[in-house]
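Trainee: just a sequence and a predicted model for now, questions to come.
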Protein chains: 2
Amino acid sequence: MNKTSDALLTDLYELTMAQAYFARNMTEEAVFEFFVRRLPARRNFFMAAGLEQVLDFLETFHFADGDIDWLTRSGGFTPDALTALRTMRFTGDVHAMPEGTVFFPHEPILRITAPLPQAQLVETRVMNLLNFQTMVASKASRSVLVAGGKPLIDFGLRRAHGAEAGLLAARASYMAGFAGTSNVLAGARFTIPTYGTMAHSFVQAHQDETQAFLHIARARPGNVVLLIDTYDTEAAAKKVVALASRLNTEGIAIHGVRLDSGDLADHARKVRRILDDGGLVGTRILASGNLDEEQVRALVQSGAPIDQFAVGTAMTTSADAPFLDCAYKLQEYAGRPCRKRSEGKATWPGRKQVYRQLSADGKLNGDVITVERDCLEGSPLLVQVMQNGRRLAPSPSLTENRRHAELALAQLPDTLRQIERPAPYDVRIATALTALAQQVDLQT
Amino acid sequence: MNKTSDALLTDLYELTMAQAYFARNMTEEAVFEFFVRRLPARRNFFMAAGLEQVLDFLETFHFADGDIDWLTRSGGFTPDALTALRTMRFTGDVHAMPEGTVFFPHEPILRITAPLPQAQLVETRVMNLLNFQTMVASKASRSVLVAGGKPLIDFGLRRAHGAEAGLLAARASYMAGFAGTSNVLAGARFTIPTYGTMAHSFVQAHQDETQAFLHIARARPGNVVLLIDTYDTEAAAKKVVALASRLNTEGIAIHGVRLDSGDLADHARKVRRILDDGGLVGTRILASGNLDEEQVRALVQSGAPIDQFAVGTAMTTSADAPFLDCAYKLQEYAGRPCRKRSEGKATWPGRKQVYRQLSADGKLNGDVITVERDCLEGSPLLVQVMQNGRRLAPSPSLTENRRHAELALAQLPDTLRQIERPAPYDVRIATALTALAQQVDLQT
């Protein structure tokens, strides 16, 4: 079989529509925007993420010979359309909010301006990439806001929805402020710090828990974190204390212990006392086990002596809201603004910009969505990042994205920082945009 | 950079533990089993899926030069461990329930028997693959059970959690009984029928809705399904009728119309009447738009004249339960059965088998979990599929898996077939297994 690309990772209708556009020479400039329609129940804001992977996808977009072969065999495609697909590259422009930007419903975070068949064909994968990483960064931000500066680690790979979900969740959560991930490939590919401890199976494979601790400590002496809840947590903590001086003579320190079950606050207090009484005041306590941001908040507020949190499945899958009500909608074709008016799904027409006002203390104080050419007070959030299918500048590093996200979270007013209650935020539609919508409605 | 594999798609601790096992020559035979601890609130059973991808992963498991390079640079790994990883292949055995099998909490669906470092190192990816596809097949089955034989189509790619999630959700839902998918790559890779219609953007890109219908029909005359809710659903249905005779003279039939917003049952009735009155009695109605199995059930029960359902995000993300409480646990090492006793997470020890009894009318009538060598009435559900790292026989085709799933769903008693209420199912622990657990507890 010939080489294939990921261009077939799309909905069939994109290809059908492209064929129709080719047949009618409808290849003039189209403008699509990506936005989210509404906040899930337990979100007060979104955090934009995934732009880097979208730009990678667009810069390398093409149909490989194997793809064309398959489309030919599958039937339904004309020779003209197949020829057009074979040579198609993405030659459009992209405007976007930088990754790590906080945003709200109906605010476009990405605009694609390209010949209609191109802008249409990339829809499915663009949505797939932005929906997932934005969802994860938005969820992970909530843990960051309540962790009180304690490190958070992504442990979600095993229950992530496949390989790419595990990889990109590690990236999005690190951007949102997590300290690192257990995911080795994410560490290798995105230069994210990796963290790891040991599993219950390691303890069980040994006849004796102390032997297991000794062996894992010697195997990776630079970072010894012992899992102590396989049988009896406090009994295991005492074994750790007993073992410490022996390991000390070998030059090995016990950096931490991990609690993974039971009442984590209660175990943490008891274990902290056992460790302190045993002289292990520098040994840190890591908590894990189906944690989410609400449990992290409760544990932090309880004053439990937990130093780090591993957050896995709930964050990686955004378990309480595992998708965004997002859309990628045509806003303009051949210079003519347009909108969809389907019941409950109407959209604002035209190329848009979002202006953000800050209050005197530097906190978010209201956004305005308007037409692109409008000029309002505040900072415009969408900037051009790609022209004629090429990035305008090298992408920011993940560290830079992370710094941008940190600043964005620091700008949240207290109402938006709390995770328990819905908090309103003022997003207005500018007069120029409502006027455009009326004008469009009159014409259709 | 040298070539890399997907062996690094793992948690760091797997590699740390492997290094410790190598250092202590703990390479004797280990037995791990994968199971799910409990049913989500709105599930009465699970459907096993993902085995094929697990076997692919195990047969090709290796660390490429690029992986070893990265591990070397990352620090913390000994030359001996790196050498051992470089030559490691999976040489173990696998027993599993065939894909499409219905199963219940605590029943192992996969057992891996292999030298300890191998069985440990594959943990993360094995869980990642089985968790996701089993979750999706279990969710998709619910739509199949209530659709009354009407075709269901996967439209979930755009909000799937990344590329692999979109691909494998198409596979798992097709196995569970969906008729096909919009995902072209899934169609190409797994030979799943692909379906597609048109987007609102296509209508909007035209000045006139009728022109849009005409163009898309001519572009793919073999399968014309017109989206009619962009502006006014019933008005569009009348345009479809008006267009039909014109297309008929070109030899093009209108196979269907799609409703994507508003009160779908109400629109379907009105549209059906318009189509019938216009002579389009053969034109089918497809409904889409954030559907899940509860809405499919309500629409079917309402008697609305909907012929097909597209189910997307809710199914692909298993939105009400986006992960399984699954585990991959060490059950035996070097001939010694073992179990974990962590609070709330205790497991049953040893190699296990599940026997299933059927009632006189061929419905599921109770399962028993026992030790492997026990011999009970009923059919054993776990069968050996891999020996010494190689499949014992070619895998069943996806069509065969789908047929197995269909039979499995047909064996469900009525209580388990309904999707609204929790229904109990009798899963007993055999005396031989409780005896083994007691014996293990006495020895640790």
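Mentor: Right, received. Where do you want to start?

Trainee: neighbours of residue A:334, how many?
Mentor: Counted with other CB atoms under 10 Å in any protein chain shown, residues neighbouring residue A:334 total 13. C-beta: built from backbone N, CA, C; applies to glycine.

Trainee: tell me who's in contact with the residue nearest to it when sequence neighbours are not counted.
Mentor: Distances taken as CB to CB, 6 or more residues apart in numbering or on different chains place residue A:28 nearest to residue A:334, at 3.9 Å, with adjacent residues excluded. Residues in contact with residue A:28, defined by CB atoms under 8 Å, 6 or more residues apart in numbering or on different chains, are A:115-116, A:333-335.

Trainee: what's the answer for residue A:288, then?
Mentor: Contacts of residue A:288 by CB under 8 Å, 6+ apart are A:155, A:258-260, A:309-310, A:312.

Trainee: from chain B, how far out is residue A:395?
Mentor: Here the criterion is CB to the nearest CB, to the nearest Å. By it, residue A:395 lies 19 Å from chain B.

Trainee: next one: residue A:320
Mentor: Distance check for residue A:320 against chain B: by CB to the nearest CB, it reads 9 Å.

Trainee: residue A:32 now?
Mentor: Distance, residue A:32 to chain B, by CB to the nearest CB: 7 Å.

Trainee: what pairs with the host helix or strand of that residue, parallel or antiparallel?
Mentor: Following DSSP states H and E, one finds residue A:32 within strand A:29-36. According to DSSP bridges, strand A:29-36 has the following sheet partners: strand A:110-115 (antiparallel), strand A:326-333 (antiparallel).

Trainee: can you list the ones you listed in JSON lines and add distance to residue A:400?
Mentor: Below are these laid out as JSON lines (distance: least, CB to CB, whole Å):
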{"stretch": "strand A:110-115", "distance to residue A:400": "19"}
{"stretch": "strand A:326-333", "distance to residue A:400": "25"}
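
Trainee: a markdown table for these, including mean pLDDT and mean neighbour count?
Mentor: Shown next, in a markdown table, are the strands paired with strand A:29-36 (pLDDT from 0 to 100; neighbours: other CB atoms under 10 Å in any protein chain shown):
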| stretch | mean pLDDT | mean neighbour count |
| --- | --- | --- |
| strand A:110-115 | 98 | 23 |
| strand A:326-333 | 97 | 23 |
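
Trainee: quick one: the helices in the stretch 1-150 of chain A?
Mentor: Shown for the stretch 1-150 of chain A, the helices assigned by DSSP state H, counting those that start in this stretch span residues A:12-23, A:51-60, A:65-74, A:79-87, A:116-121, A:123-146.

Trainee: highest mean neighbour count out of those helices?
Mentor: When those are scored by mean count of other CB atoms under 10 Å in any protein chain shown, the highest mean neighbour count falls to helix A:123-146 (a mean of 26).

Trainee: residues near residue A:302, how many?
Mentor: Neighbour number of residue A:302 under other CB under 10 Å is 14.

Trainee: how about low-confidence regions in chain A?
Mentor: A:1-2, A:444 (pLDDT under 70).

Trainee: can you name the next helix or strand after the helix or strand where residue A:186 lies?
Mentor: Assigned by DSSP H and E, residue A:186 belongs to helix A:184-190. Following helix A:184-190 in sequence order, the next helix or strand is helix A:200-205 (DSSP H and E).

Trainee: got the angle for the strand holding residue A:32 vs helix A:51-60?
Mentor: Here strand A:29-36 runs at an angle of 160 degrees relative to helix A:51-60 (axes from the mean of the first three to the mean of the last three CA atoms, to 10 degrees).

Trainee: any idea of the angle strand A:29-36 forms with helix A:123-146?
Mentor: Between the axes of strand A:29-36 and helix A:123-146, defined by the same axes, to 10 degrees, the angle is 30 degrees.

Trainee: please name the nearest non-neighbouring residue to the most centrally placed residue in chain A.
Mentor: For chain A, residue A:133 is the residue whose C-alpha lies nearest the centre (CA atoms, centre = their mean; 2.7 Å). Leaving aside its sequence neighbours, residue A:133 sits nearest to residue A:50 (CB to CB, 6+ apart; 3.4 Å).

Trainee: tell me the phi and psi of that neighbour?
Mentor: Per-residue torsions, residue A:50: phi 110, psi 0 (degrees, to the nearest 10).

Trainee: residues contacting it?
Mentor: When contacts are counted by CB under 8 Å, 6+ apart, residue A:50 is found next to A:99, A:129-134, A:168, A:172.

Trainee: determine which two of these are furthest apart.
Mentor: A:99 and A:131 (14.2 Å; CB to CB).

Trainee: just to revisit the earlier point, so which bits of the helix holding residue A:186 are buried?
Mentor: A:184-188, A:190 (16 or more other CB atoms under 10 Å in any protein chain shown).

Trainee: with residue B:222 as the reference, measure out to residue A:26.
Mentor: Here the criterion is CB to CB, to the nearest Å. By it, residue A:26 lies 21 Å from residue B:222.

Trainee: still on that earlier bit, counting by contacts, list what the helix holding residue A:186 packs against.
Mentor: With contacts taken as 3 or more CB pairs under 8 Å, 6 or more residues apart in numbering or on different chains; DSSP states H and E, helix A:184-190 sits against helix A:163-176, helix B:12-23, helix B:65-74.
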